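J.: no sequence for this one, just the structure:
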Ligand SMILES: O=P(O)(O)OC[C@H]1O[C@H](OP(=O)(O)OP(=O)(O)O)[C@H](O)[C@@H]1O
Ligand SMILES: Nc1ncnc2[nH]cnc12
C-alpha cells in the first residue's frame, strides 16, 4: 500500500495534548485531523485501498471515534457498518466484554445477530493505547462469528505520533 507521504501529512494534523485527561497521558486529539478535509479523506482512503478487495463484509466501529472513521470506510468498500457501543446504549439483545483502558476500565457491547458466522470483519478505531479495547472488540466479534480460535491475520497500525487508526481483519480459523 503506497502512502505517498499521506501518513506524514495526517500525522501533522493531529494535536497532542500532554496530561489530558490525567497527568502522564499524552492525548492524541483527532478532532484537529477532522478539521482538515484532505487529511480526513486520506485517512479513510488508506484503509479503503488496503481492504477494498479483501472480501470484507462488515466494518465494526468502536464508540466513539470508530464511528467517525468506520462508516466512510464501510461505504467505500461496500460493507455493512456495525457499531460497538458503550454499555446500555443498544436496545436489542447484546453481548458484552469488559476491558481495561489507559485510564480506567470500561465495557463494550454489540447487537447479537449484527455479525454472522460467514462474515469477514474489519474493526476500526482511532487509536491503540493498551490494546484493551481492540482485544475486547475482537473477542465480541469472534464470539458472534463462532470463532473458537481467533486469529488476527493482518494488523496494521499507522504510526501517527503514537498510533492512529487501527484495523484488523479477522478471519475464520480452521
Ligand atoms: O488501547 P486502549 O487502551 O483500549 O485505548 C484505546 C481506546 O481509547 C479511546 O477511546 P475511549 O475509551 O477514550 O472512548 P471515547 O472514544 O468514547 O472517548 C480510543 O478511541 C480507543 O477506543
Ligand atoms: N493517549 C490517548 N489519546 C487519545 N485517546 C486515548 N484513549 C486512550 N488513550 C488515549
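T.: Looks like it came in fine. Here the structure is a predicted model, which is why all the values come from computation and not from measurement. Numbers count the residues shown, from 1 in each chain. Ligands and ions are numbered 1, 2, ... in the order given.
J.: Would you mind confirming that residue 121 makes contact with residue 61?
T.: No: assessed by Cβ atoms under 8 Å, residue 121 is found out of contact with residue 61, at 11.1 Å. The C-beta positions use only the backbone N, C-alpha and C, and glycine is treated the same way.
J.: in the longest helix along the chain, what counts as buried?
T.: Counting residues, the longest helix found in the chain (DSSP state H) is helix 37-51. Under the neighbour-count criterion of 16 or more other Cβ atoms under 10 Å, helix 37-51 has 39-40, 42-48, 50-51 buried.
J.: Could you single out the nearest of these to ligand 1?
T.: residue 43 (14.0 Å; Cβ to the nearest ligand atom).
J.: Give the closest residue to the closest one in space, chain neighbours not counted.
T.: residue 10 (5.5 Å; Cβ to Cβ, 6 or more residues apart in numbering).
J.: in what helix or strand does that neighbour lie?
T.: Using DSSP states H and E, residue 10 sits within helix 6-13.
J.: Which secondary structure elements does that helix sit against?
T.: helix 31-34, helix 37-51 (3 or more Cβ pairs under 8 Å, 6 or more residues apart in numbering; DSSP states H and E).
J.: Tell me if the helix or strand following it is near ligand 2.
T.: Downstream of helix 6-13, the first helix or strand assigned by DSSP H and E is strand 15-18. No: Strand 15-18 is not in contact with ligand 2 by Cβ under 6 Å from any ligand atom; minimum separation 8.2 Å.
J.: can you offset everything so residue one is 19?
T.: Okay, using 19 as the starting number, the last item reads as strand 33-36.
J.: mean confidence for the helix or strand just after strand 33-36?
T.: Once the chain leaves strand 33-36, the next helix or strand it forms, by DSSP H and E, is strand 44-47. Average pLDDT, strand 44-47: 90.
J.: do the same with stretch 157-175
T.: 57.
J.: Stretch 97-117 too?
T.: 95.
J.: got the contact list for it?
T.: Outside stretch 97-117, the residues that touch it by Cβ atoms under 8 Å, 6 or more residues apart in numbering are 74-81, 84-85, 88-89, 92-93, 123-133, 140-141, 150-151, 153-155, 157-158, 161-162.
J.: Just the buried subset of those, please.
T.: Among the contacts of stretch 97-117, the ones that count as buried by 16+ other Cβ under 10 Å are 74-81, 84-85, 88-89, 92, 126-129, 132-133, 140-141, 150-151, 153-155, 157-158, 161-162.
J.: Could you pick out which of the residues you listed are located in helices?
T.: Secondary structure from DSSP H places 84-85, 88-89, 92, 150-151, 153-155, 157-158, 161-162 of these in helices.
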